[in-house]
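Q: Structural data only, the sequence is not supplied:
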């Protein structure tokens, strides 16, 4: 597609429930990133996918968080047993080559855990 | 890992004024970007500028990689320029890994 697409744009969930957030990167972009932005804060790296390489999961805050990327395209970020501190905007970005080109971010999913 | 520092933390401008935002980074980088986050939360890529100077309309940016800083210039500011400006860099030694974001500069342009 023309841009990075994320869904849903907003998600309200009850504490303890699982949620899945989806990211459709720009077609052909091999690098895909998930970031999190809490209210009034900067961006926090979560996970990075590059082609068929093992993902860099070093930013995932706990084992309740996981992500997969199927077929080198669409990615799903899953948060199990959500907690109120998980409330944030979850942003996805993709790049054709992060060493040469910039990153393009999606509009994000605003997650609210009540 | 690298550290990215932005200044000033916030800035209030009268419409029509010019401003310069600064980004310092602690180590060699191979990716330096400026983003504008509008009041609706959308992150807009302004410049990919690991070195040199680029201009786009009223905005321009310069990165001096050897001195580890980048500047974003906003001329003839407009109320629509309001929002948060982030600088982000990738550690040269960490291929493919995370962009490190600065804390941002909150810009408010008053009419």
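A: That came through fine. The model shown is predicted, which means the values in this text are computed figures rather than measured ones. Numbering: from 1, shown residues only, chains lettered A, B, ... in the order given.
Q: which ones are touching residue B:35?
A: Contacts of residue B:35 were listed using C-beta atoms under 8 Å, 6 or more residues apart in numbering or on different chains, and they are A:105, B:43-46, B:85-88. Backbone N, C-alpha and C define where each C-beta goes, glycine included.
Q: Show the buried residues in these.
A: A:105, B:43, B:46, B:85-88 (16 or more other C-beta atoms under 10 Å in any protein chain shown).
Q: just the residues you listed: which has the poorest pLDDT?
A: Sorting the buried ones among the contacts of residue B:35 by pLDDT puts residue B:43 at the bottom of the list (89).
Q: coming back round to it: could you tell me which of the contacts of residue B:35 belong to strands?
A: Assignment to strands by DSSP state E places the following of the contacts of residue B:35 there: A:105, B:43-46, B:85-88.
Q: Which member of those is positioned nearest residue A:59?
A: Closest approach to residue A:59 among these (C-beta to C-beta): residue B:88, at 14.0 Å.
Q: Can you verify my assumption that the closest one contacts residue B:100?
A: Yes. Assessed by C-beta atoms under 8 Å, residue B:88 is found in contact with residue B:100 at 6.4 Å.
Q: returning to what we had before: so which of the buried ones among the contacts of residue B:35 is the closest to residue B:104?
A: For these, the closest approach to residue B:104 (C-beta to C-beta) belongs to residue B:86, at 4.9 Å.
Q: check contacts around the closest one.
A: Applying C-beta under 8 Å, 6+ apart, the residues contacting residue B:86 are A:42-43, B:6, B:34-37, B:43, B:101-102, B:104.
Q: out of those, which one sits closest to residue B:25?
A: Comparing these against residue B:25 with C-beta to C-beta picks out residue B:102 as the nearest, at 8.5 Å.
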